[in-house]
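# With the sequence up front, the predicted model follows.
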Amino acid sequence: MSAEPRRALLASSAPAARAAEERLRATYDFVDVAEADMIVALGGDGFMLQTLHAMLESHRTLPVFGMNLGTVGFLMNEWRLERLEQRIDAAKPFKVNPLRMHVTTVDGEDISIPAINEVSLLRETRQTAKIEVAVNGRIALPELVCDGVLVATPAGSTAYNLSAQGPILPLGSSLMALTPISPFRPRRWRGAILPENTKIRFNVLNPEKRPVSAVGDQREVRDVSCVDVSIDRTTPLTLLFDPGHTLDDRIAAEQFIA
């Protein structure tokens, strides 16, 4: 019989999450993250992303079982106090390979940032952005005039990507969504669905006059001149879901919501 995994407990600053944390600590045993085999995270999707990013920065990734005490909770399970050990034992793992964006700023600074949901480029002023889009070294769009453009993973395809009229991607599809944000020219271009091994480069045209920022999930770099985006397979992340409530099921269900 396998040993019980050592659990760490993390909670967002929201009052509901803090109250749930107190109840869980009074009912179950937890250890510090440094000693844990897995993490129980209490909060919403934003807190889940925060937890995953913290692990990427520490170079120590653990499976995460999230319980929703936020608003949407797309990446979370239902909050329940009872039967936590049994739920974790029965949970189905799902691997997430994050995006990695390599940014060069107008001043020549080089910055690398991971993104679990999406990488987005956004105009900084009232003027539209002008962006050259290259796919695997070939210029696909010499000039995209837009409010912005984003690359989304399947796990993130129902977030900002969906709000920008991008496609919902099944988790096993090994695809990425390339989606424009309010495109002005070419006006009828609605984006592309690309294999996950694709390398995408965005060159900002006239960045001094038409400044653009790049955002990896919640981290922003302003005044960029070039952004390279690709899947990072070196640091896979593991989310744990209750049977019957997996991320696959939720993404499939989103396609039927009017």
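All right, it came through fine.
# Could you pull up the residues touching Asp89?
Residues near Asp89 by Cβ atoms under 8 Å, 6 or more residues apart in numbering: none. Any C-beta I mention is one placed from the backbone N, CA and C, and that applies to glycine too.
# Confirm that it lies within a strand, as I assumed.
No - checked against DSSP: H, G, I helix; E, B strand; the rest coil, Asp89 lies outside a strand; its state is helix.
# Test for you: state the pLDDT assigned to it.
Per-residue confidence at Asp89 stands at 95 (pLDDT).
# how close does it sit to Thr61?
Relative to Thr61, Asp89 is positioned 20 Å away (Cβ to Cβ, to the nearest Å).
# which residue sits closest to Met48, ignoring its sequence neighbours?
Of all residues not flanking Met48 in the chain, Leu75 sits nearest, at 4.5 Å (Cβ to Cβ, 6 or more residues apart in numbering).
# quick one, what contacts that neighbour?
Counting by Cβ under 8 Å, 6+ apart, Leu75 has contacts Asp45, Met48, Leu49, Gly66, Ala155, Leu239, Leu247.
# just Leu9 next, same as before
Counting by Cβ under 8 Å, 6+ apart, Leu9 has contacts Glu21, Leu24, Arg25, Phe30, Ile39, Val40, Leu42.
# quick one on the thing from earlier: now do the same for the residue nearest to Met48: its pLDDT.
Predicted confidence (pLDDT) for Leu75: 86.
# how close does it sit to Ala8?
Where Ala8 is concerned, Leu75 sits at a distance of 18 Å (Cβ to Cβ).
# buried residues in stretch 185-197?
Gly191, Ala192, Leu194, Glu196 (16 or more other Cβ atoms under 10 Å).
# How about stretch 197-206?
Result for stretch 197-206 [16+ other Cβ under 10 Å]: buried residues Thr198, Ile200, Arg201, Phe202, Asn203, Val204, Leu205.
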